[in-house]
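Participant: Sequence plus predicted model, see below.
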Amino acid sequence: MLTLSRLLFAFLSLLILSTTFSARGAERKVLVSDFGKTKDGAAVSRFVLTNNKGVEAVIISYGATLVSLKVPGRDGKLSDIVLGYDTLDAYEAGTSFFGATIGRYGNRIAAGQFSLDGTAFHLPKNDGPNTLHGGVRGFNKRIWTGADHSRADAQVLEMTYTSADGEEGFPGTLTAVVTFTLPAETNELRIDYSAKTDKDTVVNLTNHSYFNLSGDPSKEILDHQLLLRAAKFTPVDSTLIPTGELRAVSGTPFDFNKATAIGARINQDDEQLKFGKGYDHNWVLTRTDQKGLQLAAEVFEPTSGRVLEVLTTEPGLQFYSGNFLDGSAKGKGGQPYNHRTGLCLETQHFPDSPNHANFPSTELKPGQTYRTTTVLRFSSRK
């Protein structure tokens, strides 16, 4: 027979175990708070995902935007490695797409037009003669709805936006879902994209985070060492529209099959570099599995030791070296984001694919589901 003291001890043990379990369960939940209201009066939410390693990802419902991402360096110190703003007003006024989910069509569409099923569609031109990142008010300027789908092993935030038929000139009502997953024990942020439509349309979703792995956005990213698993890239014309050619990177400044400092060749006398004012091109990823996740890129920052690996199911990746940052954008803490203080690695289908039959198709039909996945995996080197 159990003595009273043993019964009391058993009860207290169960109570402690229950409390611990509940606390751990609470830790797996996404923290939600207000991030203000838009000029139109729409409420914007702020979602904070954390894991047991201290990694923290902050996402707002305005543009399903990644506003902060804190990861450790070789010394274990956490730093925010993405560019962004402190306020909603700045995101509304901003034109650099910091951290945003991009759609309906990421990257450029030539002359703001394409044909689908024999019908011509005309889009607003917001990048010289072309359409960039979905038009004047793309998915980055829309309010998404967030839902917490966290599990015991991960915090999971699902963001949904329904784009009306004809919005920014695109056909079909498109429901897009972007799911951010931060595993409890792994330093990686997984981004799953899906979409469905009620009419034939085109879709190309991506995330437009600017990374500076040093954690100090006053520093240029030219010493970051980049590896890109790609044997070809898509050269562009003077307006940054692909010519349709798939050009070998071998022997050019676009060969990053061996890790190379971004600044090593960026100022070479090369027509493509002049067109982009640096790197602003799509690489054709070398894939052995056409559907599964594969390593596309790796970036190493020697001062902090931080390493970013980008894995994706996508056929292409846009590497942008922050060439149009000019200090006019004042970021977190009032920090001006100067020339080449952030880099983008936008996993994607190719720019202007609707106008190039030889590029992987971006068409989506009713009854089909668009699905892509990108994983940002973080570590450090000594």
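Facilitator: Ah, there it is.
Participant: does residue 59 sit in a helix or strand, and which one?
Facilitator: strand 56-60 (DSSP states H and E).
Participant: Spit out the contact partners of residue 377.
Facilitator: With CB atoms under 8 Å, 6 or more residues apart in numbering as the criterion, the residues that contact residue 377 are 186, 187, 188, 308, 309, 310, 311. Any C-beta I mention is one placed from the backbone N, CA and C, and that applies to glycine too.
Participant: okay, those residues in TSV with neighbour count and distance to residue 144 next?
Facilitator: Written out in TSV, the entries for those read as follows (neighbours: other CB atoms under 10 Å; distance: CB to CB, whole Å):
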residue	neighbour count	distance to residue 144
186	18	25
187	17	25
188	18	22
308	23	25
309	17	27
310	22	23
311	20	24
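Participant: tell me which strands and helices the strand holding residue 59 is in contact with?
Facilitator: Counting contacts by 3 or more CB pairs under 8 Å, 6 or more residues apart in numbering; DSSP states H and E, strand 56-60 packs against strand 43-50, strand 65-72, strand 174-183.
Participant: To residue 303, which of those lies closest?
Facilitator: With CB to CB as the criterion, residue 303 lies closest to strand 65-72 of the helices and strands packed on strand 56-60, at 13.9 Å.
Participant: Can you name the next helix or strand after that closest one?
Facilitator: With secondary structure assigned by DSSP H and E, strand 65-72 is succeeded by strand 78-80.
Participant: Return the distance of the following helix or strand past that next one from the chain's centre.
Facilitator: Note on strand 78-80: by DSSP H and E, the next helix or strand toward the C-terminus is helix 88-93. Centroid separation for helix 88-93 versus its chain: 18 Å, with CA atoms, centre = their mean, to the nearest Å.
Participant: Residues contacting helix 88-93, please?
Facilitator: Contacts made with helix 88-93 from outside it, assessed by CB under 8 Å, 6+ apart, are listed as 35-39, 44, 60, 62-63, 65, 67, 84-85, 98, 141, 330.
Participant: Now which of these would you call buried?
Facilitator: The neighbour-count test (16 or more other CB atoms under 10 Å) applied to the contacts of helix 88-93 identifies 35, 36, 44, 60, 62, 63, 65, 67, 84, 85, 98, 141 as buried.
Participant: Which of the contacts of residue 377 fall in strands?
Facilitator: With DSSP state E as the criterion, strands contain 188, 308, 309, 310, 311 from among the contacts of residue 377.
Participant: Which pLDDT value goes with the fourth one?
Facilitator: By that I understand residue 310. The model reports residue 310 with a pLDDT of 98.
Participant: Okay, now stretch 339-356: how far is its last residue from its first?
Facilitator: 32 Å (CA to CA, to the nearest Å).
Participant: now stretch 315-330
Facilitator: Its first and final residues considered, stretch 315-330 spans 34 Å by CA to CA.
Participant: Over to stretch 74-94?
Facilitator: Across stretch 74-94, the straight-line distance between its terminal residues is 33 Å, by CA to CA.
Participant: got it, and stretch 197-214?
Facilitator: The separation between the terminal residues of stretch 197-214, taken as CA to CA, is 41 Å.
Participant: what comes up buried for it?
Facilitator: Quick answer for stretch 197-214 (16+ other CB under 10 Å): 197, 199, 201-214.
Participant: closest one to residue 193 among the helices and strands packed on strand 56-60?
Facilitator: The closest of the helices and strands packed on strand 56-60 to residue 193 is strand 174-183. By CB to CB, the value is 5.5 Å.
Participant: quick one: low-confidence ranges for the protein?
Facilitator: Residues of the chain meeting the criterion pLDDT under 70: 1-27.
Participant: where do the helices sit along the stretch 201-350 of the chain?
Facilitator: Using DSSP state H, counting those that start in this stretch, the helices of the stretch 201-350 of the chain run over 271-276.
Participant: What is the burial count for residue 373?
Facilitator: Here the count is done by other CB atoms under 10 Å, and residue 373 has 19 residues near it.
Participant: Secondary structure class of it, three-state.
Facilitator: Put simply, residue 373 is strand when judged by DSSP: H, G, I helix; E, B strand; the rest coil.
Participant: Now that it has come up, it's in contact with residue 189, right?
Facilitator: No: the pair formed by residue 373 and residue 189 falls short of the contact definition of CB atoms under 8 Å, at 11.5 Å.
Participant: sorry, back to before: quick check, nearest of the contacts of residue 377 to residue 296?
Facilitator: When the contacts of residue 377 are compared for distance to residue 296 (CB to CB), residue 310 comes out closest, at 5.0 Å.
Participant: can you tell me which residues contact the closest one?
Facilitator: 295, 296, 297, 298, 299, 317, 345, 347, 374, 375, 376, 377.
Participant: picking up where we left off before, between the buried residues of stretch 197-214, which sits nearest residue 247?
Facilitator: When these are ranked by distance to residue 247 (CB to CB), residue 204 comes first, at 21.0 Å.
Participant: Mind listing the residues bridging to that closest one?
Facilitator: In this structure, residue 204 has beta-bridge partners residue 105, where bridges are defined by DSSP bridges.
Participant: from what I can see it touches residue 109, true?
Facilitator: No: with contact defined as CB under 8 Å, residue 204 and residue 109 do not form a contacting pair (9.4 Å).
Participant: Out of the ones in strands among the contacts of residue 377, which is nearest to residue 281?
Facilitator: For those, the closest approach to residue 281 (CB to CB) belongs to residue 310, at 15.7 Å.
Participant: Give me the nearest residue to that closest one, chain neighbours excluded.
Facilitator: In space, residue 310 comes closest to residue 297 once its chain neighbours are excluded; the distance is 4.3 Å by CB to CB, 6 or more residues apart in numbering.
Participant: Would you agree that neighbour is in contact with residue 225?
Facilitator: No: when contacts are counted by CB under 8 Å, residue 297 is not listed as touching residue 225 (11.2 Å).
Participant: Neighbour count: these two, which is higher?
Facilitator: Remark: of residue 297 and residue 225, residue 297 carries more neighbours, 21 against 17, as counted by other CB under 10 Å.
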